[in-house]
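Engineer: just coords:
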């Protein structure tokens with residue numbers, strides 16, 4: 001049982017020692033954030049990543065043939081979806097067996113097998129009609145499939161967006177949209193410290209705008225992966241790109257919040273969600289790949305730069321060495337198979353097949369665990385924590401790029417890196433750090449002890465609730481009286497013992 005006097009004394013001591021800014025408590029579920037980041041970085045490292053070609057590429061297996069394989073992003077994602085389906089089935093079977101051993105059938109009584117609610121979102125509106133098993137509710141099942149379809153479509157479109165217009169990604173607005181969806185779905189209330197965190201997280205928009213301006217005032221000959229920056233040569237893409245990205249992150253915010261809703265109110269487990277996600281992702285990406293295998297973007301003879309140059313990265317390399325073509329494809333099964341069997345004109349070795357098989361297997365595993373731990377973040381914390389993982393991911397990626405480049409060339413950047421690319425890198429990094437601070441304020445990991453921003457933090461709400469439950473209107477006076485009574489009791493005890 002909690003001792004009220006000790007609680008008040010400790011609170012008074014903390015209040016006297018408190019500063020303008022303090023740190024909140026550490027949640028054991030934060031480990032899911034770092035695990036999702038780790039597997040995401042690992043997955044990126046399998047296929048290679050860079051920053052405006054200013055560094056040595058970070059890639060686990062770096063051979064000329066692997067450069068060809070890395071272009072087949074969609075086919076590698078198909079393998080990722082297949083792996084997610086298979087591993088999720090094993091996870092789900094394990095969960096079912098574990099639940100049955102505890103005497104609970106997750107199929108007939110899912111609410112008891114998945115009774116761990118979020119400790120961050122208080123579900124004020126939780127009618128009994130909401131607590132329905134998704135397996136027996138056809139309308140909820142259809143909605144779930146539609147949400148998963150939106151999930152897959154949205155993430156594929158965002159991947160395409162980053163190929164051509166990555167500098168226009170104002171992803172920090174996603175916190176605002178997740179908050180609005182959470183208010184609607186979970187009937188939560190937003191307090192002053194959370195509004196402060198949202199405003200603070202929008203400050204990096206200035207850094208993004210600065211990077212866009214830097215790109216526009218520099219020479220158009222500055223290239224990114226052998227191509228000029230698209231929105232520099234065609235400035236109409238700046239407003240169009242920003243609007244498109246805002247729409248995409250609204251979709252992502254809705255999906256993540258709805259996933260939380262399904263797990264908390266419909267009792268659907270993460271593994272079952274990932275089974276649906278893996279199956280649908282495999283079907284969608286396979287269909288797209290089949291279509292694009294037989295439809296080329298263009299013949300490659302067009303001298304004018306267009307959007308296809310950025311999203312169609314796979315050149316034609318026919319198995320007939322006498323046939324040459326400048327055709328390019330978004331994705332192509334035939335070219336991938338020819339590359340796998342060594343029919344393309346590359347420095348091919350027999351070990352390349354082994355390398356690609358290793359990449360496929362590791363890619364499937366890392367893809368699954370990245371998605372699994374991301375959903376666990378949503379389940380045990382909130383979708384806001386998943387957004388927080390994005391700037392943390394970007395910071396870690398940039399650190400790895402610097403360290404990798406220094407280890408290989410003993411310089412932080414490539415020696416011929418343009419100053420403007422270095423400036424963009426620094427502004428991006430500063431923006432990531434500012435955004436992280438804003439999110440930490442929003443999530444009460446950083447507590448502001450001024451302007452009454454900490455009045456409605458979970459700690460102070462719990463403290464007031466404790467006081468009110470004990471029906472004490474003047475806690476400090478009560479502490480003094482209790483201390484005086486305690487001194488009297490100790491004196492009385494001493495006198496008696498004497």
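Structural biologist: The structure has been received and is ready for your questions. Bear in mind that the values here come from a model prediction, so they are computed numbers and not experimental data.
Engineer: okay, buried residues for the helix or strand hosting residue 421 please.
Structural biologist: Element membership for residue 421, per DSSP states H and E: helix 419-442. For helix 419-442, the buried set under the neighbour-count rule, 16 or more other Cβ atoms under 10 Å, comprises 420-421, 424-425, 427-429, 431-442. All C-beta spots, glycine's among them, are computed from the backbone N, C-alpha and C.
Engineer: what segments of the stretch 151-300 of the chain are strands?
Structural biologist: Per DSSP state E, counting those that start in this stretch, the stretch 151-300 of the chain carries strands over the ranges 223-224, 227-228.
Engineer: those strands: lowest mean pLDDT?
Structural biologist: Among these, strand 223-224 has the lowest mean pLDDT, at a mean of 48.
Engineer: wait, doesn't residue 386 sit right on residue 373?
Structural biologist: No - Residue 386 lies out of contact with residue 373 (Cβ atoms under 8 Å); the separation is 9.8 Å.
Engineer: common neighbours of these two, please.
Structural biologist: 33, 36 (Cβ atoms under 8 Å, 6 or more residues apart in numbering).
Engineer: buried residues, stretch 361-373. List them.
Structural biologist: 362-373.
Engineer: which one of these sits closest to residue 213?
Structural biologist: Of all the buried residues of stretch 361-373, residue 213 sits closest to residue 370, with 33.9 Å by Cβ to Cβ.
Engineer: roughly how far does the closest residue to that closest one other than its chain neighbours sit from residue 270?
Structural biologist: Nearest non-adjacent residue to residue 370, counting by Cβ to Cβ, 6 or more residues apart in numbering: residue 39, 4.1 Å away. As judged by Cβ to Cβ, to the nearest Å, residue 39 and residue 270 stand 15 Å apart.
Engineer: which of the two has more neighbours?
Structural biologist: Comparing residue 39 with residue 270 by neighbour count (other Cβ atoms under 10 Å), the higher total belongs to residue 270, at 24 against 20.
Engineer: would you turn the buried residues of stretch 361-373 into TSV with distance to residue 162 and pLDDT?
Structural biologist: Output for those, formatted as TSV (distance: Cβ to Cβ, whole Å; pLDDT from 0 to 100):
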residue	distance to residue 162	pLDDT
362	22	95
363	18	94
364	22	95
365	23	96
366	19	95
367	17	95
368	22	96
369	22	96
370	16	95
371	18	95
372	23	95
373	22	95
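Engineer: mind putting those into CSV with secondary structure and distance to residue 194?
Structural biologist: Below are the buried residues of stretch 361-373 laid out as CSV (DSSP: H, G, I helix; E, B strand; the rest coil; distance: Cβ to Cβ, whole Å):
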residue, secondary structure, distance to residue 194
362, helix, 39
363, helix, 37
364, helix, 38
365, helix, 36
366, helix, 33
367, helix, 33
368, helix, 33
369, helix, 30
370, helix, 27
371, helix, 27
372, helix, 28
373, helix, 25
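Engineer: output these as a markdown table; include the columns distance to residue 254.
Structural biologist: Converted to a markdown table, these look like this (distance: Cβ to Cβ, whole Å):
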| residue | distance to residue 254 |
| --- | --- |
| 362 | 32 |
| 363 | 28 |
| 364 | 28 |
| 365 | 29 |
| 366 | 26 |
| 367 | 23 |
| 368 | 23 |
| 369 | 24 |
| 370 | 21 |
| 371 | 18 |
| 372 | 21 |
| 373 | 21 |
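Engineer: of the residues you listed, closest to residue 296?
Structural biologist: Nearest member of those to residue 296, counting by Cβ to Cβ, is residue 363, at 26.0 Å.
Engineer: ok, the buried residues of stretch 361-373 vs residue 95, which is closest?
Structural biologist: Distances from residue 95 to the buried residues of stretch 361-373, taken by Cβ to Cβ, are shortest for residue 372, at 12.2 Å.
Engineer: roughly how far apart are the closest one and residue 32?
Structural biologist: Distance of residue 372 to residue 32, given as Cβ to Cβ: 9 Å.
Engineer: by mean pLDDT, flag the weakest helix or strand of the protein.
Structural biologist: Least confident element among the helices and strands of the chain, by mean pLDDT, DSSP states H and E: helix 475-497 (a mean of 44).
Engineer: what is the mean pLDDT for the helix or strand following the helix holding residue 421?
Structural biologist: Next along the chain after helix 419-442, taking DSSP H and E as the criterion, comes strand 446-448. Averaged across strand 446-448, pLDDT comes to 77.
Engineer: what's near enough to touch residue 87?
Structural biologist: 364-365, 368.
Engineer: okay if I get those as a markdown table plus distance to residue 147?
Structural biologist: Shown next, in a markdown table, are these (distance: Cβ to Cβ, whole Å):
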| residue | distance to residue 147 |
| --- | --- |
| 364 | 23 |
| 365 | 25 |
| 368 | 19 |
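Engineer: tell me where the stretch 1-150 of the chain has strands.
Structural biologist: Using DSSP E, counting those that start in this stretch, strands in the stretch 1-150 of the chain cover 21-23.
Engineer: low-confidence regions, it specifically.
Structural biologist: 1-19, 24-25, 103-137 (pLDDT under 70).
Engineer: one more pass at 80, please.
Structural biologist: Across the stretch 1-150 of the chain, residues meeting the criterion (pLDDT under 80) sit at 1-27, 52-53, 64-65, 99-138, 140.
Engineer: ok, which stretches of it are helices?
Structural biologist: 4-17, 30-47, 64-70, 73-101, 110-113, 138-165 (DSSP state H, counting those that start in this stretch).
Engineer: could you dump the ones you listed to TSV with distance to residue 381?
Structural biologist: TSV is the format used below for the helices of the stretch 1-150 of the chain (distance: least, Cβ to Cβ, whole Å):
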stretch	distance to residue 381
helix 4-17	25
helix 30-47	7
helix 64-70	33
helix 73-101	20
helix 110-113	20
helix 138-165	18
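Engineer: tell me which of these sits nearest to residue 400.
Structural biologist: Using Cβ to Cβ, the nearest of the helices of the stretch 1-150 of the chain to residue 400 is helix 30-47, at 7.0 Å.
Engineer: who touches the residue lying closest to residue 181 once chain neighbours are set aside in this structure?
Structural biologist: With Cβ to Cβ, 6+ apart as the criterion, residue 181 has its nearest non-adjacent residue at 4.0 Å, and that residue is residue 257. Taking Cβ under 8 Å, 6+ apart, we find residue 257 in contact with 178, 181-182, 185, 383.
Engineer: any idea how far residue 157 is from residue 257?
Structural biologist: 19 Å.
Engineer: go on, residue 245?
Structural biologist: On the measure of Cβ to Cβ, residue 245 and residue 157 end up 10 Å apart.
Engineer: next: residue 269.
Structural biologist: From residue 269 across to residue 157, the span is 27 Å (Cβ to Cβ).
Engineer: when those two are compared, which one has more neighbours?
Structural biologist: residue 269 (23 against 16).
Engineer: contacting residues for residue 386?
Structural biologist: Applying Cβ under 8 Å, 6+ apart, the residues near residue 386 are 33, 36, 256, 374, 377-378.
Engineer: redo that, cut-off 7 Å
Structural biologist: Listed by Cβ atoms under 7 Å, 6 or more residues apart in numbering, the contact set of residue 386 reads 256, 374, 377-378.
Engineer: my guess is residue 181 contacts residue 251, does it?
Structural biologist: No - between residue 181 and residue 251 there is no contact under Cβ atoms under 7 Å: 10.8 Å.
Engineer: burial count for residue 412?
Structural biologist: Neighbour tally, residue 412, other Cβ under 10 Å: 15.
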